[in-house]
Each structure stands twice: as C-alpha cells, then as structure tokens.
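Colleague: Predicted model, plus sequence, below.
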Amino acid sequence: MQSKLYIDGQWVEPATGKTANVINPATEEVIQTIAHASEKDVDQAVLAARRAFDKDGWSQTTGKQRAVYLRRIAQLIRERLEELSVIEVKDNGKPLPEARWDIGDAAGCFDYYAGLAEELDDSDVALEVSDERFRCRVRREPLGVVGAIVPWNYPLLMAAWKVAPALAAGCTVVLKPAEITSLSALELGAIAHQAQLPPGVLNILTGSGSVAGQAIVVHPEVDKLAFTGSGPVGSRIMAEAAKDIKRVSLELGGKSPLIVFDDADLEAAVEWIMFGIFWNQGQVCSATSRVLVQDTLYPRLLERLATEARKITIGNGLDEGVLLGPLVSKAQYDQVCAAVEQAKTAGARVVAGGERPAGKVRGFYYQPTVLVDMALDSQVWNEEIFGPVVCVRPFATEAEAVTVANDSRYGLAAAVMTRDEARSARVSNALRAGIVWINCSQPTFTEAPWGGYKQSGIGRELGKWGLDNYLETKQVTSYVSDEPWGWYIK
C-alpha cells in the first residue's frame, strides 16, 4: 500500500516528515503509517496542478484524449477490485460485499465520464440572436484547478465522484481524502500513474483537514472547491471561498425521512428501512434515519423491524456473512453512543440494540438500533447521528407525514413506501429533497443527479450535472456583416 504524497506525478515524503497511523476499526490495530501534508506540500501540489492546466496542455486536450485516460483508470480499478475492496474494509470497516459494490461503482464512474468527455468535443452550440449582423456560439471550457475534499464513509467512491468528472472536463485536481480513510485514494494515485496520466493533473495529499484541507481551501491558485462532509465544515469552506470568489459545490449532511403508508408491503418496508439505515453502518449522508409509519401499520412494522434488526450479523467486514461492520473510528463510536444515551435521557425508548454487541471487546462495534417515542423537537429526531440508529414515529394522515418529513433544515433525500401510484407521485413531489426514492431507499446511479435542498448542500454531483460543476460557459460572438459598424467613423 502507498504511504507517501502523490505530487506532480511522483511519490514524495511530506515536507515536515510528519506521519500518522492508520487504524483498522475492526481490530484497533495499526495497519499502515501515512504522510501528513503541510502547507508547503499543498502549495507544491497546487502549483503542479496549475502548471499542468495552464502550460502543459491538459486543458487543451480533446475530450476523446481525456477519455482514454479515464477508461484506463476504470480498467485498472477493475483489475484490482478485490485488493482495493479489502483495503477499504480494513480502512473503513464496512463489510466486504459493500466494499466490492463501491469499488465497482468507482470504476463505472470513470467509464461514464469518459463518455461525457467525448461528447464535449462536439458541444459548441450556435445561437440565434436578434441582430442578423452577428453570429453567436456558446462553448464549455474546463474551469481550472480543483481542490477536492472527500469524506471517510465511501473513500474511493467519493474520490471518483469528483476526480472523474473534473478530469473529463479538462480540469486538474488536488485531492485530499479523509484523514482516517486515505488508503484507497492513495492507490488511486498509483492507478493514475500506471495509466500514464500526465504529471500534475492529479495530486493526492493525505493529512488533516485543519492543515492540508485548509491550505487547499485558501490557496489563491485553486479555482474550484468540491467538498463532501459535514455542514459546519461546508459552511466554513463556503465563507473562505467567498474571499476569492472561488466556485464551490457542497454535498453536506442529511436527516432523511422515509414514509411508510399502511398499504405498503410490510416485508418490503422492513427490508428497505434496514437497508436505508444499516448499510455502511448508517454512516451515509442520505441514510433514511427518520421513519414515519402510518398508525394502522405501526405496531406490526415496529415488531418486525426490531426482530430483523436483532438478527443482523455483526463483525469484521472480512468475515463471511457479516452485514454490519464496526464504526469507522473511536471518535465516531463515542459520538453514536453519546447520541443514543442523550436520546434515552430525553425520553426516547430503545426497542432494539442501543449498546455494544456482546463479546465484541475490541473494535468500534455498535448494535443496529431502533428508537421510538422521541419528541419531534428532540436532537435525535432532528440531527444526523451517522451510525446504525433509526428513529421511528407513527403518523395518521398523508398531510401530517409530509409536514413532519419536510420539517428539517436538511433536504438531501427522502423515501416513500406505498402501493398507490397516485399517492407516491403526490408525496414525492411534495417532499423538499434533492433525491426521492419510491418503494426503495438508497439506490444511487452515476447517470442521475445527486445533491440536496436547504442545508444539505449546493450543486449536484453525478450525471451530466456532475460534469457541469467543472465547466465554465463561454459566449463567442462574431460580427459577420460586410457593412461597417459606423458608430464613430461614418
């Protein structure tokens, strides 16, 4: 596994020599030591990206040329899928089947944006303007140097969501993975190097958000910031970016609702509730962690949900049959424990889980947890826990369900379970969220836009919308008349 910084096409030691240990959350053992970038390292990486964009010609390559590199990267990811999946499990804790899914999706992301890169070569658009003496066309051009900062819950996949469209657009990138889950991002550097991506086009800096991340955010040669993470950090990034009028896209937190009507299939509803909150240990920004169940179905659904939650196999993500791994770190484990204890103190009741699994003396394990009887103004109902904890409440009417679901400062995702197609259309249109799932929860497609309303972020990733994040729009107007303009010179 790589451990150094990847700057300007080379693996280099950090300027200060500072390193940090990587901890396997399943065993609490040190599995690697990686470099921590300093401000000097960030400056070196940004200037390399600037040179690659301005002078070395990356921004002038055709989309077809860039697509070749992207497809090479996709293929190399696939060739190393099992190895990269194991790295993700050891680094993040998620079960191996989930990691395989993520790595496969990362490869698919590079393939998808290779296709969109090719389409850019023929994307100039001629416009009809009101004066026939002029001809006007609109073209899309790469934005510049991108500072991409990604979270720890989907280490390689979140990197792909930003790196692939940025490279497809003709931008250069300085990528900072999360401090505690950097290993697969470093391997992406090795893959890009093997794919012969030109020096400086992709740079990867491991380290802390307070040093490396901050240095990227404030660097004057960075044109665009793409961030996925918490709301408070996103707010600070937005404030810093405003000083230089940097372009910003933010994918932030959520507290997403899932509404289950009484005509829904009970078993399907329980399955999707569990998938919506226990996948990736609930460490998902779009997790449907607020479940609203119509009162006539509520008792039966709650009983089935609690029963099935208790059956989930918990353990090391590399072990056969495990469907819930450890939380990513001791800090995250402590945060989840504290949130549940605070909820209980405030009157919520635990009907399943709510503590460390028996026999798990090492590793950051927490049981799948179902909470009920919390108040609508309680912290546990309103704030993201980012763990395997679901809050369940009954409702009486459709109008009540929509009102309660929308009563949140977040608006990333939402879900509806019902057999009534008219109702599903009505409710999905009424929900104030950037992503709405009907009779499911969490499916994500590279072709479809991803992003939220309200404090869940700004902009959209994935699909053609993800490519737009890294393109500027230019108007080119020509005077084509044989007649002189004749305003000043008659």
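Modeller: Yep, that arrived.
Colleague: quick one: residue 393 is in a helix?
Modeller: No - counting by DSSP: H, G, I helix; E, B strand; the rest coil, residue 393 is not found in a helix; it is strand.
Colleague: So what's the residue count around the nearest residue to it once chain neighbours are set aside?
Modeller: Excluding its sequence neighbours, the residue lying closest to residue 393 (Cβ to Cβ, 6 or more residues apart in numbering) is residue 292, at 5.7 Å. C-betas here are computed from N, CA, C, even on glycine. Number of residues near residue 292 (other Cβ atoms under 10 Å) recorded here: 21.
Colleague: and residue 292, helix, strand or coil?
Modeller: strand.
Colleague: Now do the contacts for it.
Modeller: Residue 292 is in contact with 257-260, 392-395, 401, 404-405, counting by Cβ atoms under 8 Å, 6 or more residues apart in numbering.
Colleague: quick one: which of these is nearest residue 84?
Modeller: For the contacts of residue 292, the residue nearest residue 84 by Cβ to Cβ is residue 258; the value is 31.2 Å.
Colleague: So that closest one is in contact with residue 441, correct?
Modeller: Yes - with contact defined as Cβ atoms under 8 Å, residue 258 counts as touching residue 441 (5.9 Å).
Colleague: Spit out the residues that contact the two alike.
Modeller: 272-273, 276, 288, 415.
Colleague: Adding neighbour count, distance to residue 249 and pLDDT, write those residues out as TSV.
Modeller: Converted to TSV, the shared contacts of residue 258 and residue 441 look like this (neighbours: other Cβ atoms under 10 Å; distance: Cβ to Cβ, whole Å; pLDDT from 0 to 100):
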residue	neighbour count	distance to residue 249	pLDDT
272	24	29	98
273	27	30	98
276	24	25	98
288	24	23	98
415	29	24	98
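Colleague: From the residues you listed, pick the one nearest residue 139.
Modeller: residue 415 (39.5 Å).
Colleague: what's the spacing between the closest one and residue 380?
Modeller: 19 Å (Cβ to Cβ, to the nearest Å).
Colleague: And residue 451, by the same measure?
Modeller: Per Cβ to Cβ, residue 451 is found 25 Å from residue 380.
Colleague: Kindly report the same for residue 165.
Modeller: Remark: distance between residue 165 and residue 380 (Cβ to Cβ) = 36 Å.
Colleague: Looking only at neighbour counts, state which of these two leads.
Modeller: Applying other Cβ under 10 Å to residue 165 and residue 380 shows that residue 165 carries more neighbours, namely 31 against 22.
Colleague: Let me know the secondary structure of the more buried one.
Modeller: helix.
Colleague: residues touching it, list them.
Modeller: By Cβ under 8 Å, 6+ apart, the residues touching residue 165 are 113, 116, 461, 466-467, 469-470.
Colleague: mind redoing it with 10 Å?
Modeller: By Cβ atoms under 10 Å, 6 or more residues apart in numbering, the contact list for residue 165 reads 70, 109-110, 112-113, 116-117, 146, 171, 226, 446, 461-471.
Colleague: next one: residue 472
Modeller: Neighbours of residue 472 in contact, by Cβ under 10 Å, 6+ apart: 139-144, 169, 223-224, 247.
Colleague: Which element, helix or strand, includes the residue nearest the centre of the chain?
Modeller: Centroid-nearest residue in the chain, with Cα atoms, centre = their mean: residue 158, separated by 4.7 Å. In this structure, residue 158 sits in helix 155-169 according to DSSP states H and E.
Colleague: Centre of the chain to that helix, how far?
Modeller: 10 Å (Cα atoms, centre = their mean, to the nearest Å).
Colleague: average pLDDT across that helix?
Modeller: The pLDDT scores in helix 155-169 average 98.
Colleague: Show the subsequent helix or strand relative to it.
Modeller: According to DSSP H and E, the helix or strand after helix 155-169 is strand 172-176.
Colleague: same for that following strand, what does it pack against?
Modeller: Judged by 3 or more Cβ pairs under 10 Å, 6 or more residues apart in numbering; DSSP states H and E, strand 172-176 is in contact with helix 39-54, strand 145-149, helix 155-169, helix 183-194, strand 202-204, helix 214-218, strand 224-228.
Colleague: Please repeat the previous calculation with a cut-off of 8 Å.
Modeller: helix 39-54, strand 145-149, helix 155-169, strand 202-204 (3 or more Cβ pairs under 8 Å, 6 or more residues apart in numbering; DSSP states H and E).
Colleague: Buried deepest among the ones you listed, which one?
Modeller: Comparing the helices and strands packed on strand 172-176 by mean neighbour count (mean count of other Cβ atoms under 10 Å), strand 202-204 ranks first with a mean of 31.
Colleague: by contact count, what packs against that one?
Modeller: strand 5-7, helix 39-54, strand 172-176, helix 183-194.
Colleague: from the chain's centre, how far out does that strand sit?
Modeller: 18 Å.
Colleague: ok, and what's touching that strand?
Modeller: Residues contacting strand 202-204 (Cβ under 8 Å, 6+ apart): 5-8, 45-46, 48-49, 163, 167, 172-177, 185-186, 188-189, 192.
Colleague: what about 6 Å?
Modeller: 6-7, 45, 48-49, 173-175, 185, 189, 192 (Cβ atoms under 6 Å, 6 or more residues apart in numbering).
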